[in-house]
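J.: fold the following, please.
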Amino acid sequence: MIIKEAKYFPFTLKLKSPFTNASNDITKRSGLILQLEDQQGNISYGECSPLPGFSSETLEEAESSLNETVKFLNQSKAIKDFEIPSPLSSVKFAVEQALIDLVFKQKSGLLKNIPVLSNSQIKVNAVLGFDSTEKILQQIEKKIELGFDTFKIKVGRDNPYDDFELLELIRNTFGYDIILRLDANQKWSSDEAIEYLERFKDYVIEFVEEPCEFTCSTFRTIEESHIPIALDESIKDMLVEKKTITDCKAEFLVVKPMITGGIFSTIRLIESVKQMGKKTIISSSFESAVGKSALVMLASLTNHSFAHGLDTSELFENDLGQDPYVIKNSQISFNASEFPPKISLQN
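T.: Prediction:
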């Protein structure tokens, strides 16, 4: 594959209202869009947007690495594989996304490196950050009216009894027909997690993401918890944490590809996790419509009916372009023959 021109440009998307979890507040998403053009005039995009507080690299570090990668792409006579000279997850994500896009458009021989895509209905969960009880209940009610039945609730408030009261109120208001997931963002010690999870079990929880501040504490918690545990922050680097994923008895792995090594490392993980009898949940890092399109493709490869964390588009005041994967009745319809989708970026 010949790259005629590689370049990038910055973007910033404002959230309609701050999204708050146990770690920080997210008010905007800033990143870089890589644009590639081949000799046939095909244009593709890839998103590079490290998430502050979660990604290992800063946006400044990502831009420096992306700038060097763009030089590499512009100087290359031909791209023969998907290897790029950057160790940063967000840069890998952007370049891999843009190259995959061109490979599909060209129908080049590099397609052999990409799994065969198939049509699928991808279930999506709603995600609720810290807010007043009244607003959280209103958001759940609105999402139920839109067809959602799976809700990811951020927990880890300074007073844990506030979490208990919220969950009890949710169950008393909406019953047990809706599915609840919890995400503590590594807020608790192992002793705290075991105590709180014992209380949570009465509310029928599908799984709890990252209850403990340390991975070793999470392992102990998994052994003693009656609620399934999901890893998330513990697998920031899939290469480093491969042993953790293999040895850990967690039933679910919540993967943010922008943070955990990019697209191809996620594809390899999905296949490995299937063989272990575990489930991979693809989760957004508040990407734009550009980055989300790659996440939807990855979610289609997981081949299970559990909901993925892809309901973030409506949180932005304006997106970079129209989202090609609109959620209807809590599902995204993925048509393999229409991938990659066309996204017209707004000027």
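J.: and the gap between residue 220 and residue 315?
T.: Applying Cβ to Cβ, to the nearest Å, the value for residue 220 to residue 315 is 35 Å. Any C-beta I mention is one placed from the backbone N, CA and C, and that applies to glycine too.
J.: who has more neighbours out of those two?
T.: In this comparison of residue 220 against residue 315, neighbours counted by other Cβ atoms under 10 Å, the higher total goes to residue 315 at 19 against 15.
J.: lowest-confidence helix or strand of the chain?
T.: When the helices and strands of the chain are scored by mean pLDDT, DSSP states H and E, helix 242-247 comes last with a mean of 68.
J.: so after that one, what's the next helix or strand?
T.: Heading C-terminal from helix 242-247, the first helix or strand you meet, by DSSP states H and E, is strand 252-255.
J.: next one: the next helix or strand after that following strand to chain centre, how far?
T.: The helix or strand immediately downstream of strand 252-255 is helix 263-276, counting by DSSP H and E. Helix 263-276 has its average C-alpha position 14 Å from the chain's average C-alpha position, going by Cα atoms, centre = their mean, to the nearest Å.
J.: any low-confidence regions in the chain?
T.: Per-residue confidence for the chain (pLDDT under 70) gives these ranges: 22-23, 236-244, 347.
J.: okay, helices next: where are they in it?
T.: Along the chain, the segments classed as helices by DSSP state H run 59-75, 89-106, 133-145, 160-174, 190-200, 215-224, 242-247, 263-276, 289-300.
J.: on contacts alone, who are the packing partners of the last one?
T.: I take that to be helix 289-300. Contact here means 3 or more Cβ pairs under 8 Å, 6 or more residues apart in numbering; DSSP states H and E; on that basis helix 289-300 packs against strand 43-48, helix 89-106, strand 120-123, helix 263-276, strand 279-282, strand 331-334.
J.: out of these, flag the one nearest residue 77.
T.: helix 89-106 (15.5 Å; Cβ to Cβ).
J.: elements contacting the closest one?
T.: Using 3+ Cβ pairs under 8 Å, 6+ apart, the elements in contact with helix 89-106 are strand 25-38, strand 43-48, helix 59-75, helix 263-276, helix 289-300.
J.: okay, those in TSV with mean neighbour count next?
T.: Conversion of these to TSV gives the following (neighbours: other Cβ atoms under 10 Å):
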stretch	mean neighbour count
strand 25-38	19
strand 43-48	25
helix 59-75	17
helix 263-276	17
helix 289-300	25
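J.: quick one, which of those gets closest to residue 103.
T.: Across those, residue 103 has its closest neighbour in strand 43-48 (9.1 Å, Cβ to Cβ).
J.: can you give me how far that closest one is from the chain middle?
T.: With Cα atoms, centre = their mean as the basis, the distance from the averaged C-alpha position of strand 43-48 to the chain average is 17 Å.
J.: kindly report the same for stretch 287-307.
T.: 8 Å.
J.: cool, and stretch 132-139?
T.: On the basis of Cα atoms, centre = their mean, the separation between the geometric centre of stretch 132-139 and that of its chain is 24 Å.
J.: pull the CA atoms of it into PDB?
T.: What follows is stretch 132-139 as a C-alpha-only set of coordinates in PDB (Å, rounded to 0.1, in the frame of the first residue of the first chain):
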ATOM      1  CA  SER A 132     -27.900  13.800  42.200                       C
ATOM      2  CA  THR A 133     -30.300  10.900  42.900                       C
ATOM      3  CA  GLU A 134     -33.100  12.700  41.200                       C
ATOM      4  CA  LYS A 135     -31.100  13.200  38.000                       C
ATOM      5  CA  ILE A 136     -29.800   9.600  37.900                       C
ATOM      6  CA  LEU A 137     -33.400   8.300  38.200                       C
ATOM      7  CA  GLN A 138     -34.500  10.700  35.500                       C
ATOM      8  CA  GLN A 139     -31.700   9.500  33.200                       C
END
